[in-house]
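Novice: heads up, no residue letters with this:
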């Protein structure tokens, strides 16, 4: 059933939904990451199919008309279903689609929404009692319509294992790369990110993009050396008074210009960098103890690092390490899903 380009592939079958009023960007992201031929990845790479949820031809954003090879029947063979946006937060979701998604969920198929596609998952009841995200413009609407969903406006994506949701449009890239990272490991995800010319992982949530000023080049150049200095000393205390003095500014001016440059307050930026350092050590240095990871990353103690991992990544440091140990255990094979447990 997958596209002819994927006839020789054995990896997870990704099915992206197509509907009248298709959000072209989000669908394009799904295809670019999961559907674009990547012979360098070998036979275990993703297979990809587009699935029309209704009779066509179908209209897509940008004045396009789309004709799709497969209908809802292809969902029965899916390992991952992608809902690339939706035609309106309050627009009804067809009953046949709801039934197919519910049946897929019962089979353990992963189901992922991008941006406004969260409305489809919500209408199917797949997010009840779960945490989810969507574009910040739709957060209040989803929360009002579905009070049993915990909607988090300040993250780029939410991974609830079998159900995943992405925030605003560009966060679709973040979530899709996260899935690649989860299935194939960090090195493969980094390779895909390089081809896309995007960072393999962005820190912070979408709140930083709400009414945030465009980065001023002069301030970026002025604070750039300080940011590198801070990265090199993550294991040290970095009080804001000392940072401001090093930048040659008053504390108030430093705080304002730092946030205008990075999109984050100094403390938040340091936390994101410490998490990045810890993740890198956990992924690539299996012999180093969790206590040493915490010290090298600047958390001071394992308890502090564990707290921030759970708060920001919804996983313990030990489980984070297990994910990548599992990926390395069977070279060249796809490993999906995360082991459970706590540090």
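Specialist: Yep, that arrived. From a predicted model like this one, the values you see are computed outputs, not experimental measurements.

Novice: All the strands of the stretch 101-250 of the chain, in order from the start?
Specialist: For the stretch 101-250 of the chain, the strands defined by DSSP state E, counting those that start in this stretch cover 110-114, 131-132, 150-151, 157-159, 163-166.

Novice: Identify the residues contacting the biggest helix by length in the chain?
Specialist: Determined from DSSP state H, the single longest helix within the chain is helix 266-284. Residues outside helix 266-284 that contact it (C-beta atoms under 8 Å, 6 or more residues apart in numbering) are 186, 201, 203-204, 227, 230-231, 234, 238, 240, 243, 254-255, 258, 262, 264, 288, 293-294, 296-299, 305, 308-309, 312-313, 317, 320-321, 324. Placement of C-beta: from N, CA and C, glycine included.

Novice: how about low-confidence regions in the stretch 1-150 of the chain?
Specialist: 1-7 (pLDDT under 70).

Novice: Which parts of the stretch 51-200 of the chain are helices?
Specialist: 95-106, 118-123, 139-145, 171-184, 186-196 (DSSP state H, counting those that start in this stretch).

Novice: Which neighbouring elements make contact with the second one?
Specialist: In this case it means helix 118-123. Packing partners of helix 118-123 (3 or more C-beta pairs under 8 Å, 6 or more residues apart in numbering; DSSP states H and E): helix 95-106, strand 110-114, strand 131-132, helix 139-145, strand 163-166.

Novice: Using a markdown table, please lay out these together with distance to residue 24 and mean neighbour count.
Specialist: Below are those laid out as a markdown table (distance: least, C-beta to C-beta, whole Å; neighbours: other C-beta atoms under 10 Å):
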| stretch | distance to residue 24 | mean neighbour count |
| --- | --- | --- |
| helix 95-106 | 19 | 16 |
| strand 110-114 | 12 | 28 |
| strand 131-132 | 23 | 22 |
| helix 139-145 | 22 | 15 |
| strand 163-166 | 16 | 27 |
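
Novice: ok so, going back, want to throw the strands of the stretch 101-250 of the chain into TSV with distance to residue 64?
Specialist: Formatted as TSV, the strands of the stretch 101-250 of the chain follow (distance: least, C-beta to C-beta, whole Å):
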stretch	distance to residue 64
strand 110-114	18
strand 131-132	29
strand 150-151	31
strand 157-159	26
strand 163-166	22
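
Novice: now the helices and strands packed on helix 118-123 as JSON lines including distance to residue 43?
Specialist: Below are these laid out as JSON lines (distance: least, C-beta to C-beta, whole Å):
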{"stretch": "helix 95-106", "distance to residue 43": "25"}
{"stretch": "strand 110-114", "distance to residue 43": "21"}
{"stretch": "strand 131-132", "distance to residue 43": "34"}
{"stretch": "helix 139-145", "distance to residue 43": "39"}
{"stretch": "strand 163-166", "distance to residue 43": "25"}
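
Novice: what's the closest of these to residue 86?
Specialist: Closest to residue 86 of these is strand 110-114 (C-beta to C-beta; 8.1 Å).

Novice: What strands flank the helix or strand containing residue 16, and is each parallel or antiparallel?
Specialist: Assigned by DSSP states H and E, residue 16 belongs to strand 13-18. Strand 13-18 pairs in its sheet with strand 47-52 (parallel), strand 80-84 (parallel), by DSSP bridges.

Novice: quick one, which of the ones you listed is packed in tightest?
Specialist: strand 80-84 (a mean of 28; mean count of other C-beta atoms under 10 Å).

Novice: ok and that one relative to helix 95-106, angle-wise?
Specialist: Between strand 80-84 and helix 95-106, the angle comes out at 140 degrees (axes from the mean of the first three to the mean of the last three C-alpha atoms, to 10 degrees).

Novice: Show me the domain layout of the protein.
Specialist: 11-196, 214-328 (the TED database).

Novice: need the contact list for the residue nearest the centre of the chain.
Specialist: Taking C-alpha atoms, centre = their mean, the centroid of the chain lies closest to residue 175, which sits 2.4 Å from it. Going by C-beta under 8 Å, 6+ apart, residue 175 touches 112, 114, 156-157, 159, 164-166.

Novice: now with 7 Å?
Specialist: 112, 114, 157, 164, 166 (C-beta atoms under 7 Å, 6 or more residues apart in numbering).
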